[in-house]
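just a sequence and a predicted model for now, questions to come.
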Amino acid sequence: MGDGLESLPDDIETLKAALIVARAEAAAARAQQSDNQALIAHLKLQIEKLNRDRYGPRSERTARLLDQLELTLEELESSATEDELAAEMAATKTMKVASFTRKRPSRQPFPEHLPRERVIVPGPVVCACCGGARLSRLGEDITETLEVVPKSWKVIQHVREKFTCRDCEKISQAPAPFYVIARGWAGPSLLAMVLFEKFGQHQPLNRQAERYAREGVPISLSTLADQVGGCTAALAPLFKRLEAYVLSAERLHGDDTTVPVLAKGKTDTARIWVYVRDDKPFGGPAPPGAVFYYSRDRAGEHPQAHLAGYSGIFQADAYSGYGKLYDPGRNAGPILEAACWVHARRPFFVMADLAENARRKAKGKKPAVISPLAMEAVRRIDALFEIERGINGQSPERRRAVRQELSAPLVANLETWMREQRAKLSRRNDIAKAMDYMLKRWSAFIRFLDDGRICLSNNAAERGVRGIALGRKSWLFCGSDRGGERAAVMYSLIVTAKMNDVDPQAWLADVLARIAEHPVQRLDELLPWNWRHRNKQVDQAA
């Protein structure tokens, strides 16, 4: 069998033309392959999202899996577009290969609230067919492209004219406008941007100063720090109102996370504590809110001081520092402990993670031992979460009724099963430790059965500190204890704004512009949920 070379033409020009065609066909094939890979990645991502919506997070790593799929899709989409352009360029060199065009999903129209700028493309003045000049307008075709206007800087001059009296020669002048900070030189929008980038986007002030200098506005680091300190002090009364609101809730979520803080020649590990009010799971009308506190260590005296005047339901992990809060003889009233089933499930899940074992095996690592008891515990706990997903957002009475009917028998069976299996295990067995964690606090774990306000998990508090955990790599450490306390105040305000679907930067800009003249008796009007309601009324009136 020949290799086909005898069929090739001897003419150089013909060979060149054939080579161009072959290259164009290869480019089109590569573009088609890249498009197929991007489509597969897109479909995998959609499947995972649909499964997450339908069945809930099947594992602790589901969020990371979605992030990885999105990153993969991003890279494949970029590669597919590059290959498409290369195929188009190759196809223009020959008439024998059709240009490859990717099939993209239909794009949603741009939001109606965005301003539109019309750029008129001049029409023809003569007919392209006959050359006649008698043209009449038939209509128009509009193609929209989304554009962004780069950030611009400006200096606002506040001019106060002076007047002299012809009769008494006394000089009169309007008073100077109020500023957020005494002798303030920065406008509220600039201050809001600096605050939000530092505490909401985790961009340290030195990086902000470098960027502003490149934009032609040199601002020293010390000057920016001065503005941050002044704004935090100005916003402190609003933080106090938010604190009072959050700690008046019937039920609180609590959690903490580490923050490095600068010390002499090293960094110490400090703590940021968060308490979250979120009544949405049981259909409560109160807006959500979060309040943060900073401490140099994790001593139990800190949460005891934070919640010294609180009484109600407290959902948190089994940290021993919370122990004194559950003393029935507290002066402020009793605090009922509600344990987190996610924390209880986690050690079982680690010992039953088949997917992680498969990954370890694929990398040539020794797989961990899969425990049948751990798998059974996870299956039983997941059945409770499946019931919870069906009653999320319903009234406390409805939630309690469903739990008494469906969840209570499952919980009773789980307790009986765990006590039977625990009796067969040694004290140092990992499964035994996970079971003991639950059985020693069983009354706190089953409290949700008799109270529809209680959630099965402490995810609300964990979501509150997630941003801090993600931002630690950017800001590395707090500069001092005072810096940690300032960060706690700003985290409280920014996270609460996000929880109420309010743009934190826009809200901060408006609050900073008004707070100096705002009556202290009406300070609650500036809280994010009231601010959003007022803005809606203004928009409707306009």
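Nice, thanks for sending it over.

going by C-alpha atoms from here, please, whenever you check contacts or count neighbours.
Fine.

below-threshold pLDDT in the stretch 151-300 of the chain: ranges please.
Along the stretch 151-300 of the chain, segments meeting pLDDT under 70 span 182-183, 262-266.

and the helices in it?
Secondary structure of the stretch 151-300 of the chain (DSSP state H, counting those that start in this stretch): helices at 188-195, 205-214, 221-246.

and the shortest one, what does it pack against?
Under the contact criterion of 3 or more Cα pairs under 8 Å, 6 or more residues apart in numbering; DSSP states H and E, helix 188-195 touches helix 221-246, helix 504-514.

may I have the last one as PDB, with CA atoms only?
Only the C-alpha atoms of helix 504-514 are listed here, as PDB (Å, rounded to 0.1, in the frame of the first residue of the first chain):
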ATOM      1  CA  PRO A 504     -21.400  48.300  50.900                       C
ATOM      2  CA  GLN A 505     -19.400  51.000  49.100                       C
ATOM      3  CA  ALA A 506     -22.400  53.000  48.000                       C
ATOM      4  CA  TRP A 507     -24.000  52.700  51.400                       C
ATOM      5  CA  LEU A 508     -20.800  53.800  53.200                       C
ATOM      6  CA  ALA A 509     -20.400  56.800  50.800                       C
ATOM      7  CA  ASP A 510     -24.000  58.000  51.600                       C
ATOM      8  CA  VAL A 511     -23.600  57.400  55.400                       C
ATOM      9  CA  LEU A 512     -20.300  59.300  55.500                       C
ATOM     10  CA  ALA A 513     -21.800  62.200  53.600                       C
ATOM     11  CA  ARG A 514     -24.800  62.500  56.100                       C
END
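
elements contacting it?
So helix 504-514, by 3+ Cα pairs under 8 Å, 6+ apart, packs with helix 188-195, helix 481-499.

the helices in the stretch 301-450 of the chain, which residues?
Using DSSP H, counting those that start in this stretch, the helices of the stretch 301-450 of the chain run over 301-306, 341-350, 354-362, 372-391, 396-402, 408-422, 430-439, 442-445.

next, name the residue at the spatial heart of this structure.
Gly467 (6.9 Å; Cα atoms, centre = their mean).

distance of that one from Ser492?
12 Å (Cα to Cα, to the nearest Å).

that older thread, show the average pLDDT along the helix or strand encompassing the residue nearest to the centre of the chain.
Assigned by DSSP states H and E, Gly467 falls within helix 459-475. The predicted model gives helix 459-475 an average pLDDT of 78.

chain center to that helix: distance?
The chain centroid and the centroid of helix 459-475 are separated by 9 Å, computed with Cα atoms, centre = their mean, to the nearest Å.

show me the shaky parts of the stretch 401-542 of the chain.
Across the stretch 401-542 of the chain, the ranges flagged by pLDDT under 70 are 471-479, 537-542.

brain fart, the stretch 1-150 of the chain
Using pLDDT under 70, the stretch 1-150 of the chain drops low at 1-7, 38, 41, 43, 45, 47-86, 93-107.

list the contacts for Glu243?
With contact taken as Cα atoms under 8 Å, 6 or more residues apart in numbering, Glu243 is in contact with Ala290, Val291.

for it, give its distance to Arg277.
Where Arg277 is concerned, Glu243 sits at a distance of 10 Å (Cα to Cα).

quick one: contacts for Leu336?
Per Cα under 8 Å, 6+ apart, neighbours of Leu336: Gly312, Ile313, Phe314, Tyr326.

local confidence estimate at it?
95.

so which of the helices and strands packed on helix 504-514 is nearest Asp450?
Asp450 lies closest to helix 481-499 among these, at 27.8 Å (Cα to Cα).
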